[in-house]
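Student: compute the structure for the input listed below.
(chains A and B)
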There are 2 protein chains.
Amino acid sequence: MVIECVPNVSEGRRPEIVAAMADAIRAIDGVRLLDHSSDASHNRSVFTLAGDAAGVERAVLALVERATGDIDLRTHRGEHPRMGAVDVVPFVPIEGVTMAECVALARKVGSEIASRFNVPVYLYEEASINPARKNLEDIRRGEFEGLAAKMASAGWAPDFGPAAPHPSAGATVVGARMPLIAYNINLATNRLDVAKKIAAGIRHSSGGYRYVKAMGIMLEGRGIVQVSMNLTNYEKTPIFRVFETVKREAARYGVQVLESEIVGLVPSAALNAAAEFYLQIEGFKADQVLENKLRNE
Amino acid sequence: MVIECVPNVSEGRRPEIVAAMADAIRAIDGVRLLDHSSDASHNRSVFTLAGDAAGVERAVLALVERATGDIDLRTHRGEHPRMGAVDVVPFVPIEGVTMAECVALARKVGSEIASRFNVPVYLYEEASINPARKNLEDIRRGEFEGLAAKMASAGWAPDFGPAAPHPSAGATVVGARMPLIAYNINLATNRLDVAKKIAAGIRHSSGGYRYVKAMGIMLEGRGIVQVSMNLTNYEKTPIFRVFETVKREAARYGVQVLESEIVGLVPSAALNAAAEFYLQIEGFKADQVLENKLRNE
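Tutor: Got it, this is the predicted structure:
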């Protein structure tokens, strides 16, 4: 069983604090720290870990313990919105585990964080038990500075823990979601309006695909524009459909796709789905992939 | 390190003999028997194993020992060409191993087969040390029945062992090759001539791609035709290029591609290459695939 967990922590400027958090994760059996990166302007770090349910649970609790001791949101400044020392903790099913099991794990870990550290916890995305609190941006609106007032208002008591922020560590959002794919398509033009129109056409918030977030941006150094995207469920909104739609919309403006890029990690199944689509492969099964066969037996 | 090995054995009608060979492989540490299948009309069985160099070496030697005891080519009949009890033994690099290491392993195992069992061995494909004896079909021409005369003729002394066939076990061909992909493209027509013309256009032997073997056949039950292929080096002749060429050639006859199919196993990298091509992904690295990242660390 492999569960990925990607905690986002409100500290990206003091390397020794980040290193201590990484060490706390590495000290846990049953989990591996695959990656971590810090952004000083965001003043935020992202850890990527993978392991079984028990391993990622222990690692997250160890991380919360360190972060609660080392981070004080009353003095924290950064460009990225945040409301907690450990701000967001998503659990992601990768292999041999269902979304339902990740939801159960998120609720268990959320309950533990509240009872052990007195940090209130909101559940989000698939783990949410309140339809009005599924979306991370909705939960985090107002940030740490607005949290005490928000938590006291109707409908914003947390899912676990006290209905008041932890004095220095705020509140933590815990949940389960599909792997997120950061995917960009570069257009052979410098017309920002074209990238923006295409982004508006494909993103969920303005009428596009259900699991696409998108914006049009200028790549200043290269003199071209980009449709910059997050694909939040590659099974239900696959990469190839998004790519083909962007290509078609670009053609309407006489613009060609120059290239695309995947930023960071992508599940093998997301790439295989593109191969199946374009090669028109019928009846393909995941265990025909040699590496899957080797792992399973 | 993962090396795949796919021994082809001249026995496909006596299940108890095949089962004993499978058990002999399963008894070896450091190797897994992933699959085995028998064809009665071919009177031939194919075993698929994977492991490290030491594991697959021990497994192949155990298999040759059993096969040499149980199979007598003097009474063997079947539709598939063959010259040995263990007829062909290819080693295939999968992960954490180079082709050069598989070539070295093939030569070591070939030498062992000859010295331990007195079975002459020819090296083929990447492991060949004689340019005229690279191709399996050339080495096997004349089959077991013509082997004594062939081995006595100029240029056909074996690479290891005596220049005469083993009385009952003939000779064995050992080598190293890339993973082979069995890939078929079905056309939305019953015109066999179209499938044959396309196959002739893309296969190496008649002027096509270097690593494609192809033929056009009728799928009687479905009333459609198929371009049936083996892709013998997916890195140098990738699936997507073959697919696009077949699609273009078919269009010249007013015919559409109905679907394609991959028979059996395919390396993940072969599918990823198709995704990269069609999605125009720039700068993609294998360790961006989440599963590769999980395996490597």
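
Student: from the chain's centroid, how far away is stretch A:252-263?
Tutor: Per CA atoms, centre = their mean, to the nearest Å, the displacement of stretch A:252-263 from the mean C-alpha position of its chain is 24 Å.

Student: start and end of it, how far apart?
Tutor: This stretch, stretch A:252-263, spans 27 Å end to end (CA to CA, to the nearest Å).

Student: what do you get for stretch A:170-184?
Tutor: First residue to last in stretch A:170-184 (CA to CA) measures 33 Å.

Student: list the contacts of the residue of the stretch 101-250 of chain A found nearest chain B.
Tutor: Going by CB to the nearest CB, chain B is nearest to A:Phe243 of the stretch 101-250 of chain A, at 5.2 Å. C-beta here means a position set from N, CA and C on the backbone, and glycine is covered the same way. A:Phe243 makes contacts with A:Ile185, A:Val257, A:Ser260, A:Ala274, B:Tyr278, B:Leu279, B:Gln280, as judged by CB atoms under 8 Å, 6 or more residues apart in numbering or on different chains.

Student: could you work out the most separated pair of the residues you listed?
Tutor: A:Val257 and A:Ala274 (14.3 Å; CB to CB).

Student: higher neighbour count, those two?
Tutor: Per other CB atoms under 10 Å in any protein chain shown, whichever of A:Val257 and A:Ala274 has more neighbours is A:Ala274, with 24 against 19.

Student: the more buried one reaches B:Leu279, doesn't it?
Tutor: Yes. Under the criterion of CB atoms under 8 Å, A:Ala274 makes contact with B:Leu279 at 5.8 Å.

Student: overlap in contacts, these two.
Tutor: A:Ile239, A:Phe240, A:Phe243.

Student: quick one: buried residues of stretch A:121-132?
Tutor: Residues A:Val121, A:Tyr122, A:Leu123, A:Tyr124, A:Glu125, A:Glu126, A:Ala127, A:Ser128 are the ones in stretch A:121-132 that count as buried (16 or more other CB atoms under 10 Å in any protein chain shown).

Student: low pLDDT regions in the stretch 51-200 of chain A?
Tutor: Along the stretch 51-200 of chain A, no part satisfies pLDDT under 70.

Student: so where do the strands sit in it?
Tutor: Secondary structure of the stretch 51-200 of chain A (DSSP state E, counting those that start in this stretch): strands at A:86-95, A:121-125, A:172-176, A:181-187.

Student: now do the same end-to-end measure for stretch A:92-104.
Tutor: 12 Å.

Student: in that stretch, which residues are buried?
Tutor: A:Val92, A:Pro93, A:Ile94, A:Glu95, A:Val97, A:Met99, A:Glu101, A:Cys102, A:Val103.

Student: please, which helix or strand holds the residue nearest to A:Ile202 when sequence neighbours are not counted?
Tutor: By the measure of CB to CB, 6 or more residues apart in numbering or on different chains, the closest residue to A:Ile202 outside its immediate chain neighbours is A:Gly208, 4.0 Å from it. A:Gly208 is part of no helix or strand when elements are defined by DSSP states H and E.

Student: and A:Gly208, what's its pLDDT?
Tutor: For A:Gly208, the model assigns a pLDDT of 93.

Student: so it sits against A:Ala214, correct?
Tutor: Yes. Using CB under 8 Å, A:Gly208 is in contact with A:Ala214, at 7.3 Å.

Student: show me what the host helix or strand of A:Ser38 pairs with in its sheet, parallel or antiparallel.
Tutor: Using DSSP H and E, the element containing A:Ser38 is strand A:31-39. Strand A:31-39 has these partner strands in its sheet, going by DSSP bridges: strand A:44-51 (antiparallel).

Student: rewinding a little: as a whole number, average confidence for the strand holding A:Ser38?
Tutor: 91.

Student: how far off centre is it?
Tutor: For strand A:31-39, the distance to the chain centre is 14 Å (CA atoms, centre = their mean).

Student: and stretch A:222-236, by the same measure?
Tutor: 14 Å.

Student: and for stretch A:156-166?
Tutor: Distance, centroid of stretch A:156-166 to centroid of chain: 23 Å (CA atoms, centre = their mean).

Student: buried ones in it, by neighbour count?
Tutor: A:Trp156, A:Pro158, A:Asp159, A:Phe160, A:Gly161, A:Pro165, A:His166.

Student: and the contacts of it?
Tutor: In contact with stretch A:156-166 (CB under 8 Å, 6+ apart) are residues A:68, A:83-85, A:110-111, A:113-115, A:117-123, A:129-130, A:144, A:147-148, A:150-152, A:171.

Student: mark which of these are buried, thanks.
Tutor: Of the contacts of stretch A:156-166, these count as buried by 16+ other CB under 10 Å: A:68, A:83-85, A:110-111, A:113-114, A:117, A:119-123, A:144, A:147, A:150-151, A:171.

Student: mind checking which residue lies nearest the centre of chain A?
Tutor: Chain A has A:Leu180 as the residue nearest its centroid, 5.8 Å off, counting by CA atoms, centre = their mean.

Student: residues contacting that one?
Tutor: A:Val92, A:Asn230, A:Leu231, A:Thr232.

Student: one more time with 6 Å
Tutor: Going by CB atoms under 6 Å, 6 or more residues apart in numbering or on different chains, A:Leu180 touches A:Asn230, A:Thr232.

Student: look up how far B:Thr237 lies from it.
Tutor: From A:Leu180 across to B:Thr237, the span is 35 Å (CB to CB, to the nearest Å).

Student: which residues of the stretch 101-250 of chain A lie near chain B?
Tutor: A:Phe243 (CB under 6 Å from any CB of the partner chain).

Student: again, only this time at 8 Å
Tutor: A:Pro179, A:Ile239, A:Phe240, A:Phe243 (CB under 8 Å from any CB of the partner chain).

Student: of the residues you listed, which belong to helices?
Tutor: If you go by DSSP state H, these have A:Ile239, A:Phe240, A:Phe243 in helices.

Student: re earlier: tally of neighbours for the residue nearest to A:Ile202?
Tutor: Applying other CB under 10 Å, I find that A:Gly208 has 19 neighbouring residues.

Student: quick check: most distant residue from the centroid of chain A.
Tutor: A:Gly254 (34.1 Å).

Student: for A:Thr189, see how far away it is.
Tutor: Between A:Gly254 and A:Thr189 the computed distance is 8 Å (CB to CB).

Student: so which strand or helix has the nearest residue to A:Leu219 once chain neighbours are set aside?
Tutor: Spatial nearest neighbour of A:Leu219, excluding adjacent residues (CB to CB, 6+ apart): A:Gln226 at 5.4 Å. When elements are assigned from DSSP H and E, A:Gln226 belongs to strand A:224-231.
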